[in-house]
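Undergrad: Quick one, what's the 3D model for this:
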Amino acid sequence: MQKVKKLIPGTIFVLIISYASILINDLLKSYINLEALTIAIIIGIIYNNTVKTQEIFQEGIKFSLKKLLKVGIVLLGFKLNFNAILKLGPKILIMVLIFVPLVLLLAILFGKIFKVNKKLSTLIGVGSCICGASAVVAMAPCINAEEDDSVIAVSVVSFLGAIGVLIYSAIAVSGFDLTPTQYGAWSGISLQGVAHAIAAAFALGDASGEIGTFVKMARVLMLVPVSLALGFMFKNDTASKNKVKFPIYVLYFIIAGIINSLGILPAFITNILIYLSSLFILMAMTAMGLSVDFRTIVNKGVKALLAGTVLFILLSSTSLLTIINIL
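TA: As a prediction, the model looks like this:
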C-alpha cells in the first residue's frame, strides 16, 4: 500500500501534462498537427530543465515510463485486424514486407553517414518504417536504448510525420493525378505514425482513407518480426548491461490483434481499450520528457533530424513512384 501511495503524485502529474498536451494539440492542429506525443515530450523537457522535476513525482514517472508503456503497447494490438490486412492483396503486402527492412537498413546507413549512434538511428528507422512514436517506444527496450535516444527518435519521427501530413494533404487537394487507391496506399506505406498516415489518407476521401488505414496496419504488424530481428542484432552488444531478450509484451500485442480480428469483443470495449492504449503511451512519453536533461540531447538531435529528413524524402519519393507503377 505504501508503494502504491508513492506512485500516486507522479502518476497524476504525468496525467495532467498528458491531457494538457491533448488540449494544446487540439488548438494547434488546424495549423500543424504535431501530435500530443511530441507536445507532451516538449512540456516534460521544458519543465525538467527549468523548474526541475520534484522528488515526490519520481516514482510515478518511473511507473508511467516502464509499466504503463508496455500496457499501452499491448492494447495497441486491438487496432489490428488481420482479416482486413490480408484483403490488401499480394502487391501491397509484398511492398510492406520489402519496405520495412529496407527503411531500417537505410536508417542505420544514414546514421553512419551523419554520425548518429547506431541505437538512435535504429529507433529513427523503426519509427519511420512501422508506426512512428509507438514503434520507437516499443522497440527501445529491445535494444536497451538510452532514454535520450528514445526522446530524440520520437521527436524526429513525430515532427517529420506532421510535416508530411501537411505536404500530402496539399497534394491530395491540388488535383495531382493519383487515384484514391494509389494515394491511400502511398500515405499508408510512407508516413511515420498511425495518426499521420490516417490523417493524410482521408484528405482525398473515404476510399483512400480506408486503403491508407489498412496499409498502415500491415506495417504495425511488422513490430513482431522487427523486434525479433533487433533482438538478434543487438544480442552481443557489449555496451548494454543486459543481453537483449524478446519482449513478452509483443506476444501479448499479437494476442490482442487476434482477439480483435475474431470480433469477439463488443465494439465499445475495443474502443475503450484503444483509447487507453493511446493514453498510456502518451503518459509514457510525458514521463520520458520529464526524465530528460536537455543538454544531453541537443548535439545528437540536430544530426538525427538531418538523417531522418533525408530518409523520409528518399522513401516518400521512391514509394510514390513504385505505387504509381504497380497500382
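Undergrad: Show me what counts as buried in the worst-scoring helix or strand of the chain on mean pLDDT.
TA: Of the helices and strands making up the chain, the lowest-confidence element is helix 82-86, at a mean of 78, by mean pLDDT, DSSP states H and E. For helix 82-86, a neighbour-count test (16 or more other Cβ atoms under 10 Å) marks 82, 85 as buried. (Each C-beta comes from the backbone N, C-alpha and C, glycine too.)
Undergrad: cool, stretch 295-315 as well?
TA: Those would be 297, 300-301, 303-305, 307-309, 311-312, 315, for stretch 295-315 by 16+ other Cβ under 10 Å.
Undergrad: and it, average pLDDT?
TA: Mean pLDDT, computed over stretch 295-315, is 87.
Undergrad: So what touches that stretch?
TA: Residues outside stretch 295-315 that contact it (Cβ atoms under 8 Å, 6 or more residues apart in numbering) are 49, 99, 103, 106-107, 110-111, 113-117, 120-121, 124-125, 128, 148-149, 151-153, 155-157, 159-160, 164, 190, 192.
Undergrad: Quick one: residues contacting Ile130.
TA: Ile130 touches 100, 219-220, 222-223, 226, counting by Cβ under 8 Å, 6+ apart.
Undergrad: pLDDT score for it?
TA: 92.
Undergrad: What ranges in this protein fall below the confidence cut-off?
TA: Scanning the chain with the threshold set as pLDDT under 70 gives 32-34, 236-247, 296.
Undergrad: Which helix runs longest in it?
TA: Under DSSP state H, the helix in the chain containing the largest number of residues is helix 298-326.
Undergrad: And the helices in the stretch 51-200 of the chain?
TA: 58-63, 69-76, 82-86, 90-113, 118-126, 133-139, 147-173, 180-190, 194-201 (DSSP state H, counting those that start in this stretch).
Undergrad: burial measure for the nearest residue to Cys142 once chain neighbours are set aside, as a count.
TA: Nearest residue to Cys142 in three dimensions, chain neighbours excluded: Leu230, at 4.8 Å (Cβ to Cβ, 6 or more residues apart in numbering). When neighbours are defined as other Cβ atoms under 10 Å, Leu230 has 22 of them.
Undergrad: For Leu230, give me phi and psi.
TA: Note on Leu230: its backbone torsions stand at phi -70, psi -40 [degrees, to the nearest 10].
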